[in-house]
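# this one's structure only:
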């Protein structure tokens, strides 16, 4: 039989969870501490169990809400009070938010704003522990055809193949592309290799009549835009000059 103290504890726990839900419905996550957000997520998987201690332990282990959301399944399950049902809730919320951002940013909004693009890419790329090179393929009206990860690992000039990018764009009948890759170190400052890769890609794509609109480097809540800093336009101009020079030599 359940003792009076256990019944009281259960009643208090249910009241606490209900108050958390009411706070969220009233004002969203404003005023919520990180552990309270995690607690709210955990209750989705185990609605009748007190999840406060597990939520606090998760924050302590992974340092932040972001750390909890980006932790692997096995890592999460090492926290006392967190099991497969809780992990399912966290993973589901993360996947839904990424899908929402993808549809909101990629499928509906024009891709002429590096900040809006970063918001989507940060959600899908910032948690990766190795460099990942993503290409967003666009049609002639700058509508998204597809967004795919083409290369993974250390992105040196020998690891990203312009011919593969061009082939993928042609296969999708893309008129333009946007490039993005992450820096797991958190520093989005582009390396010499990043500049070299970008130049090679711009020249290879323009040769085949494919425009390059942007290359974003994703860091820790920061990004570097090759377009915003004038490098994409400069590379386009450099290509046009070289093309004109080659044409003049041919006519001569």
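On my side now, so go ahead. None of these values were measured; they are calculated from a predicted model.
# residues touching stretch 73-82, excluding its own?
For stretch 73-82, contacts defined as CB atoms under 8 Å, 6 or more residues apart in numbering pick out 42, 49, 51, 53-54, 57-58, 61-62, 68, 83-84, 86-87, 90-91. Glycine gets a C-beta too; all of them are placed from N, C-alpha and C.
# where does confidence bottom out across those residues?
Confidence by pLDDT is poorest for residue 49 among the contacts of stretch 73-82, given 76.
# any idea how far residue 19 is from that residue?
Distance, residue 49 to residue 19, by CB to CB, to the nearest Å: 16 Å.
# surely residue 223 is in contact with residue 214?
No: counting by CB atoms under 8 Å, residue 223 sits too far from residue 214 to count as a contact (10.5 Å).
# identify the contacts common to the two.
residue 114.
# what about residue 57, neighbour count?
Neighbour count for residue 57, taken as other CB atoms under 10 Å: 17.
# tell me the secondary structure at the residue nearest to it when sequence neighbours are not counted.
In space, and not counting its chain neighbours, residue 57 is closest to residue 79: 5.1 Å by CB to CB, 6 or more residues apart in numbering. Look at residue 79: counting by DSSP: H, G, I helix; E, B strand; the rest coil, its state is coil.
# residues near residue 79, how many?
Residue 79, neighbours per other CB under 10 Å, totals 24.
# any figure for the gap between it and residue 143?
43 Å.
# so which residue is smack in the middle of the chain?
Centroid-nearest residue in the chain, with CA atoms, centre = their mean: residue 124, separated by 2.2 Å.
# name the next helix or strand downstream of the helix or strand containing that one, please.
If you go by DSSP states H and E, residue 124 is part of helix 114-125. Note on helix 114-125: by DSSP H and E, the next helix or strand toward the C-terminus is strand 132-138.
# with that, I have no additional questions.
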